[in-house]
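Novice: Please find the sequence and the predicted model below.
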Amino acid sequence: MAVGRSVMRQLSVALMAVGGLVLLSVALALVPRSWWGVPATAWPVLVPVAGALAALVAGVLLWQRNSVKHEVSAAPTPPDRQVRTLRSWVIPAGAAVVGTVTWVAVSWLQGSVPVVGDGVQRAQLRVESIRTGLTIGAAVTAAFALLLAFRRQQLAERTQQATEYDAGEKRVTELYVKAADQLGSDKAPVRLAGLYALERLAQDNPAHRQSIVEVICAYLRMPYTPPIDQPALTPTAPPPADGAAPATVPTAAPADSDKPAVDPREERQVRLAAQRILARHLRPTTPDREPHPLYWGTKVVLDLTEAVLIDLDLTACHLHNATFTKTHFNGDARFGGVTFGGDAGFDGATFSGGAWFGEATFSGGAWFGEATFNGGARFREAAFNGDALFSKATFSGRAEFGGVTFSGIAGFDGATFGGGAWFGEATFSGGAWFGSAAFRGIAWFGEAAFRGIAWFGEAAFGGDAWFGGATFGGGAGFGKAVFSGDAEFGEATFSGDAGFGETRFSGSAGFGEATFSGDAGFGRARFDDDAGFGGATFSGDAWFDEVTFGSTAEFDGARFNGDASFDGATLAGTRYAGPESVAE
């Protein structure tokens, strides 16, 4: 079909070129005015003109017919456009045009006959002029007939194309139904054959790829319990002492005894094959960075809601609006280098093994609300261009977000970090919300950049919390937060207001050389261990009203450019009246 369209396009170009050259040559030939005085020589000019016009019309029609682009496919293509029914007035109108042109040509040629010569010569010239006029009429009739023949041929080709398309669609439907029926078989090889048949069908028919992907996703969404690697042996009762054969205990037959049960180990292989098929056709490039010939395009949508996936590997794939809501990832889930073209939904998903999202790109929103990461969660150097919501997510293992870029809102409200939480050198362009988050291990935010609001209100830091060198471009809220381990804010920069009201520091709290450009509020905060503010700079007002310093409070070298209030502050039972008392 592609070769035929190319030939027709070349033919149309050739016809238009020939027609244009003929018209140009005729126009040049008409420059001498004396040429029109010879009626006998008029027909060699008018006939090529009519032929050139017919060639031009045919070329334009062919060009329009083949201007529609088709995607390369092994399946027959549908008809390009709807052909309108020929109106009943076209034939009479064509006959009237032919008659009018013939009459005008004869009349014009008759009027051009010279009056010189005898009657016989003038009669011969008149006969020749009539013959020439009729020839012109015949040429116009031939052009009109050529157009009708071209339309007839066009209708025949379209009918043939529609027939081939219907036959192809019927064949595709039959193969589709047969392959889908194979997926319901109780035999694993038959199900595998159905999957690979669907893959081949989608590869050859781009228009059906999304529907076939939906069938494969629906198969993966079917309920499934992965097998235990080492199944326990069924215990058997010891033989009786007298050596008699043990009595056979009848077992309960399944409800559907006619249909054998599906072996979970065989089903595991079928599901792995289905996952590999999806991954194979969602990678736009090869390992050599060349365009992948098996890539199915960016419009393929995955819906794996509540699916059971085993050791899923979608590394370097391109996913568009992928949904993994409440999906159970059994084993490792690899999304390294994946590009999510649309939204990525992982709400309520469970990752039994490691979750690898390193260098992944989330173009839309990323939803991980109430997701459970039983293994390590690695998002190092990932890019969230939209909002990233991890509200109430549970990280049982190590959570790595080092070098991650959050362009939108980063929501970790109520999240639980059972292992270490690493956000070193991460960039939060939007708001960073860690309200009521629980950090049971170390919380590392060293050199992180918070360009918007950073909210850690009521967060619980069970281990050490490191914010050394962090930059807070907007407001920083740590109100009612609890630091059970050491809290390090050395060399941190607070460009906006910093709120530590009613915060409790059970370990040492280091704010050495920190910079507070806005107001710094530590009202009613409690420092159970050493509190170091040596070298800190407070450009705005600093409130330490009713703060409790359980041990040493060091402010050596601290600079208070604004008001510093220590009303009601206590240090080991000593009440402070103001900042000047600190130096005593």
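Specialist: Happy to help now that I have it. Numbers count the residues shown, from 1 in each chain.
Novice: immediately after the longest strand anywhere in the chain, which helix or strand?
Specialist: Ordering each strand of the chain by length in residues (DSSP state E) puts strand 318-323 first. The first helix or strand that comes after strand 318-323 along the chain, using DSSP states H and E, is strand 328-330.
Novice: just to revisit the earlier point, contact partners of the longest strand of the chain?
Specialist: Strand 318-323 is contacted from outside by 282-284, 298-305, 338-345, 364, using Cβ atoms under 8 Å, 6 or more residues apart in numbering. In this view, the C-beta of every residue, glycine as well, is placed from N, C-alpha and C.
Novice: pLDDT weak spots in this protein?
Specialist: Residues of the chain meeting the criterion pLDDT under 70: 1-54, 57-88, 90, 109-110, 112-118, 133, 229-262, 572-584.
Novice: By residue count, which helix of it is the longest?
Specialist: helix 119-182 (DSSP state H).
Novice: Which other helices and strands does that one contact?
Specialist: Packing partners of helix 119-182 (3 or more Cβ pairs under 8 Å, 6 or more residues apart in numbering; DSSP states H and E): helix 43-65, helix 90-111, helix 188-204, helix 209-220.
Novice: by how many degrees do it and helix 90-111 diverge?
Specialist: Put simply, helix 119-182 runs at 160 degrees to helix 90-111, going by axes from the mean of the first three to the mean of the last three Cα atoms, to 10 degrees.
Novice: now helix 119-182 against helix 188-204, angle please.
Specialist: Here helix 119-182 runs at an angle of 150 degrees relative to helix 188-204 (the same axes, to 10 degrees).
Novice: I'd like the distance from stretch 389-400 to the chain centre, please.
Specialist: 24 Å (Cα atoms, centre = their mean, to the nearest Å).
Novice: now the end-to-end length of it.
Specialist: 16 Å (Cα to Cα, to the nearest Å).
Novice: Give me the residues contacting that stretch.
Specialist: Contacts of stretch 389-400 (Cβ under 8 Å, 6+ apart): 354, 365-380, 409-422.
Novice: Among these, name the ones in strands.
Specialist: 366-367, 372-373, 377-378, 410-411, 416-417, 421-422.
Novice: which two in those are spaced the farthest apart?
Specialist: Trp367 and Trp422 (21.9 Å; Cβ to Cβ).
Novice: okay, now Ala371: neighbour count?
Specialist: Neighbourhood size, Ala371 [other Cβ atoms under 10 Å]: 27.
Novice: now do Glu157
Specialist: Neighbours of Glu157 using other Cβ under 10 Å come to 14.
Novice: and what of Ala96?
Specialist: There are 11 residues near Ala96, going by other Cβ under 10 Å.
Novice: Equivalent analysis for Pro291, please.
Specialist: 8.
Novice: Which residue, other than its chain neighbours, is closest to it?
Specialist: Using Cβ to Cβ, 6 or more residues apart in numbering and skipping the chain neighbours, the partner closest in space to Pro291 is Thr285 (6.3 Å).
Novice: show me the contacts for that neighbour.
Specialist: So, once contact is read as Cβ under 8 Å, 6+ apart, Thr285 ends up touching 291-292, 295, 316.
Novice: CSV please, covering the residues you listed and showing secondary structure and distance to Val215.
Specialist: Converted to CSV, those look like this (DSSP: H, G, I helix; E, B strand; the rest coil; distance: Cβ to Cβ, whole Å):
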residue, secondary structure, distance to Val215
Pro291, strand, 26
His292, coil, 22
Tyr295, coil, 19
Ala316, coil, 24
